[in-house]
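Colleague: Turn this into a model:
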Amino acid sequence: MEIIDFDAFLAVELRVGKIVSTEMFSEEKNPAYILQVDFGPETGVKKSSAQIT
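Modeller: Modelled structure (predicted):
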């Protein structure tokens, strides 16, 4: 793992979102959830996945 300096850290954007829906995706070898995450009006709703079954 590469260690970054403070200026590179300041370039990282962290966001908090609200999960608005989930769907089971069991067709894969490792089942997962498909998530719809609302990041607010500026970014909107984005799709993600999580292997937290």
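Colleague: Contact partners for Ile34?
Modeller: Thr22, Glu23, Met24, Phe25, Lys47, Ser48, Ser49 (C-beta atoms under 8 Å, 6 or more residues apart in numbering). C-betas here are computed from N, CA, C, even on glycine.
Colleague: So what sits opposite the fourth one in the bridge?
Modeller: Put plainly, it is Phe25. Ala32 (DSSP bridges).
Colleague: my guess is it meets Ser48, correct?
Modeller: No: the pair Phe25 / Ser48 is not scored as a contact, 11.4 Å apart, by C-beta atoms under 8 Å.
Colleague: More neighbours: the two, which one.
Modeller: More neighbours surround Phe25 than the other of Phe25 and Ser48, with 16 against 12 (other C-beta atoms under 10 Å).
Colleague: related to what we said a few turns ago, most neighbours, which of the contacts of Ile34?
Modeller: Result: Phe25 is most packed of those (other C-beta under 10 Å), 16 neighbours.
Colleague: tell me the contacts of that residue?
Modeller: Going by C-beta under 8 Å, 6+ apart, the list of residues near Phe25 reads Pro31, Ala32, Tyr33, Ile34, Ser49.
Colleague: Looks to me like Thr43 is in a strand.
Modeller: No: per DSSP: H, G, I helix; E, B strand; the rest coil, Thr43 lies outside any strand segment and is coil.
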